[in-house]
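>>> Sequence below, structure please.
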Amino acid sequence: MADAEDKLHTGSCYCGAVSYRAVDVAEIWYCHCSQCRKLTGLYMAAAGVARDALEINGDVKWVAVSARASHGFCGACC
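Numbering: from 1, shown residues only. Got it, this is the predicted structure:
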């Protein structure tokens, strides 16, 4: 059985101005659609997480990419 440390995921943008903490992240999935390829230059790896299990710190710039999804990025290092 996984312990609490295995369920916690943390990270940040390159410059460190934006960081996140997520708990109970779903399995990673890969998308090769044209929208994801335009955002990343290749395919996108993503995982779902409940909003109340995600904490984002810093000034995130959001761009709506569909009716259900937005792309968040750091305005300082992107």
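
>>> For the closest residue in space to Ser66 that isn't next to it in sequence, the count of nearby residues, please.
Nearest residue to Ser66, sequence neighbours excluded (Cβ to Cβ, 6 or more residues apart in numbering): Gln35, at 7.0 Å. C-beta here means a position set from N, CA and C on the backbone, and glycine is covered the same way. Neighbour count for Gln35, taken as other Cβ atoms under 10 Å: 13.

>>> and if you look at Cys36?
Count around Cys36 with other Cβ under 10 Å applied: 19.

>>> In contact with it, which residues?
Going by Cβ atoms under 8 Å, 6 or more residues apart in numbering, Cys36 touches 43-44.

>>> picking up where we left off before, give me the three-state assignment for the residue nearest to Ser66.
helix (DSSP: H, G, I helix; E, B strand; the rest coil).

>>> my guess is it meets Arg68, correct?
No. Using Cβ atoms under 8 Å as the test, Gln35 is too far from Arg68 to be in contact (11.5 Å).

>>> Return the distance of the residue nearest to Ser66 relative to Val60.
Note on Gln35: its distance to Val60, by Cβ to Cβ, to the nearest Å, is 19 Å.

>>> Go ahead and flag the most central residue of the protein.
In the chain, the centroid-proximal residue (Cα atoms, centre = their mean) is Ala46; its distance is 6.8 Å.

>>> tally of neighbours for the closest residue to that one other than its chain neighbours?
The shortest distance from Ala46 to any residue other than its chain neighbours is 6.2 Å, reached at Trp29 (Cβ to Cβ, 6+ apart). Trp29: 10 surrounding residues under other Cβ under 10 Å.

>>> For Trp29, give me its contacts.
45-47.

>>> quick check, nearest of these to Leu8?
Nearest to Leu8 out of these is Ala47 (Cβ to Cβ; 13.3 Å).

>>> where in this protein is pLDDT low?
Along the chain, the parts satisfying pLDDT under 70 run over 1-6.

>>> got the residue ranges for the strands in it?
Per DSSP state E, the chain carries strands over the ranges 8-12, 19-23, 29-31, 44-46, 54-57, 60-64, 70-74.

>>> Great, nothing more from me.
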